[in-house]
Structure formats: C-alpha cells, structure tokens
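Enquirer: No sequence on hand, only this structure:
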C-alpha cells in the first residue's frame, strides 16, 4: 500500500513538472520558477495617483481592477530552440495600473520590463540555475514620439541572476533602468519620492492565445497600447542586441534612437538632450544614442527638428496633426 501511494505521488509530481498550460514548449514549473527568480524590483512614487500596480479580476474579458496590491504579471516565451529544446527564453513583467494620470491621462495603463535569458547548462534545462539573463529592456511610452524605451546588458545593471531594479515614473508609469533616465523622454516623466514596491508572487499570464491564471482580459482592446501587442512581440530583435553588443559595457542603448531628435525639440531644443543625455559622451559612460554619430549630430538634428515642431507642446500637437494622443500615453 505504501509503495502504491509513493508511486502515485511520483506520477503526480512528474505530471506537474511537465504540464505546459499555454502550449509554448516550456513547462509551467520552469516558467513560474524563472518568473519568480527574475522578478524586477520596482521603485514607485509614494504619491502615485494610481497607488500601486493592480490585480485584475480573473475570468472576465473586460479588464476589471480587483485590488491595487502591487501585483506583477509575467510571461515566459521561448525565443530559440536547439536540439528540440528551448535555449533562449524571453521574460516579460507587466505592471498594470488602474489609470494613467499624465497630460493625456486615460483609464488603464499597461507597462512592462523584459529580460532575455540564455541557457548556460544544457544538461539541466529544467533548473533555474541553468539560465542566465543576457539583456534587460525597459519600456517607456512605446510606439509614440516620446518613446524612451531602452535596453542594456544584464551585467550593466547587475541583474544576470536575479531581477533588475527598475524606476517607474509617477503617474505615467514609464519604466527606467536608472533613476536619472526618468527625465530623458519628452520631459513628462518624474521619479521623485520613490519607495520599494512590495509585490505578491508574480502571476503567470501564459500566452495571449492560451491565457493562464484566468487572464482572458489580456486580449481586450480596452488596454492602451494595446497589451496584446506587447505580449506578441519580442523586445530583443537581433538588430537591437547587436547595437548593445557594440557599446561599452557601461552604456545603455535607446531602443528607438531615431526618435531622439524629435524628443529634443519637445524638451525645448538641443540643450536639454545634449546636457542631460550625452554630456558625458567623451568618457564612454553616458547613455548611448545608437545610430547617431555624435552629440553634435544629435544637436543639429534636434535644432532643425525644433524649427519644424517648435519648442512648445502646442507646436508639437500641430505638427502631429492635432492629435495629442500620438505624442504620449
């Protein structure tokens, strides 16, 4: 009888280790373990208008905030398979908010950070210690002219075996890998009076077409962005990681460097960008603007763009055809 019980327990344990609820080739056990191990340490504003990231009511298609308790949602997706087994995994961590309280505020706000992990011990792919973060990505106002998203080697932000520390701007909820970067978008982000966010265990979202944890609300069109787009795309396309690899190990790369001149104009001309972003370029330790030849090239582009867009929000709005929502979320 005792032997039968032990066999049943072993069988149940084996099933739980191999269960793949979202059908992506990764076991639920490995996904959950990696999401907990690499959960980012968020710094949020003590007086944020939306208090803390929200927990959504499961099983309801319309996103419905149940509690603002600091919940983080996670997604683990294989990005490369070798010999029939994934050897690269992309982790997304979503902080979801009841509302955005910025200039163009709106209900619901979906922001995230991401990590790209590589398998370092192919003999034990099911163990967390066999994986190591190679890069981290922080999203800030994606798909807008004010997109300040950026990425870095995991070693640059000291987060190869655990979660990175990430600063979340007050009210706007953009994600930043350093506190000082918080002001480097279009000027609407602030990271003052920050406190550590104490979060419950990460909740696994699964995949968009096979949600877990009752996250059927993830495909709702009510999410600005929308959230579904963030879940379907990779934050680490080869051209981005190649740019990072060409930088000094102390540098952080902009995900979309072509938008920096327009952002300079919105900030008020080239002085803001040159002084705040690339002022230390000669030391190689400043934030790197990938694709730009020098701070002078950026300044010239920013100045000419400034003549077209103007130095005020009104001018930017006019240049965008009167649609403020295209400039920032």
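Expert: That came in fine, so what should we check first? Predicted model only: the values in this text are computed from it and were never measured.

Enquirer: where do the helices sit along the protein?
Expert: Secondary structure of the chain by DSSP state H: the helices cover 2-18, 28-37, 227-232, 238-246, 260-267, 270-276, 295-309, 313-319.

Enquirer: rank these by mean pLDDT and give me the bottom one.
Expert: When these are ranked by mean pLDDT, helix 295-309 comes last with a mean of 37.

Enquirer: Centre-most residue in the chain?
Expert: The centre of the chain sits closest to residue 113, judged by Cα atoms, centre = their mean, with a distance of 2.1 Å.

Enquirer: How much space separates that one from residue 163?
Expert: 9 Å (Cβ to Cβ, to the nearest Å). C-beta coordinates here come from the backbone N, C-alpha and C atoms, glycine included.

Enquirer: cool, residue 235 as well?
Expert: 16 Å.

Enquirer: mind giving me the domain split of this structure?
Expert: Annotated domains of the chain cover 20-236, 256-329 [automatic domain parsing].

Enquirer: Can you say which of the ones you listed is packed in most?
Expert: Compared across the domains of the chain, domain 20-236 shows the largest average neighbour count, a mean of 19 (mean count of other Cβ atoms under 10 Å).

Enquirer: Could you tell me which residues make contact with residue 212?
Expert: 21, 22, 28, 204, 205, 206 (Cβ atoms under 8 Å, 6 or more residues apart in numbering).

Enquirer: can you list the residues you listed in TSV and add distance to residue 72?
Expert: Formatted as TSV, those follow (distance: Cβ to Cβ, whole Å):
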residue	distance to residue 72
21	19
22	18
28	17
204	11
205	10
206	15
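
Enquirer: Of those residues, which is the nearest to residue 178?
Expert: Of all the contacts of residue 212, residue 178 sits closest to residue 205, with 27.0 Å by Cβ to Cβ.

Enquirer: thought that closest one was touching residue 217?
Expert: No. Here residue 205 lies out of contact with residue 217, judged by Cβ atoms under 8 Å, at a distance of 9.9 Å.

Enquirer: In terms of pLDDT, where does residue 106 sit?
Expert: 89.

Enquirer: Can we start the residue count at 19 from this point?
Expert: Got it, the first residue is 19 from now on, which makes the last one we talked about residue 124.

Enquirer: beta partners of it?
Expert: residue 118 (DSSP bridges).

Enquirer: ok, now the one 4 residues further on?
Expert: Beta bridges link residue 128 to residue 114 when assigned by DSSP bridges.

Enquirer: That one contacts residue 241, doesn't it?
Expert: Yes. Using Cβ under 8 Å, residue 128 is in contact with residue 241, at 5.0 Å.

Enquirer: wait, what's in contact with residue 207?
Expert: Applying Cβ under 8 Å, 6+ apart, the residues contacting residue 207 are 158, 166, 187, 188, 190, 192, 194, 200, 201.

Enquirer: nope, residue 167 is what I was after
Expert: Contacts for residue 167 (Cβ under 8 Å, 6+ apart) come out as 155, 156, 157, 158, 159, 160, 253, 272, 273, 274.

Enquirer: switch the cut-off to 7 Å
Expert: 155, 156, 157, 158, 160, 273, 274 (Cβ atoms under 7 Å, 6 or more residues apart in numbering).

Enquirer: Find the nearest non-adjacent residue to it, please.
Expert: residue 273 (4.0 Å; Cβ to Cβ, 6 or more residues apart in numbering).

Enquirer: next one: residue 154
Expert: Spatially, and ignoring its direct neighbours in sequence, residue 154 is nearest to residue 182 (4.8 Å; Cβ to Cβ, 6+ apart).
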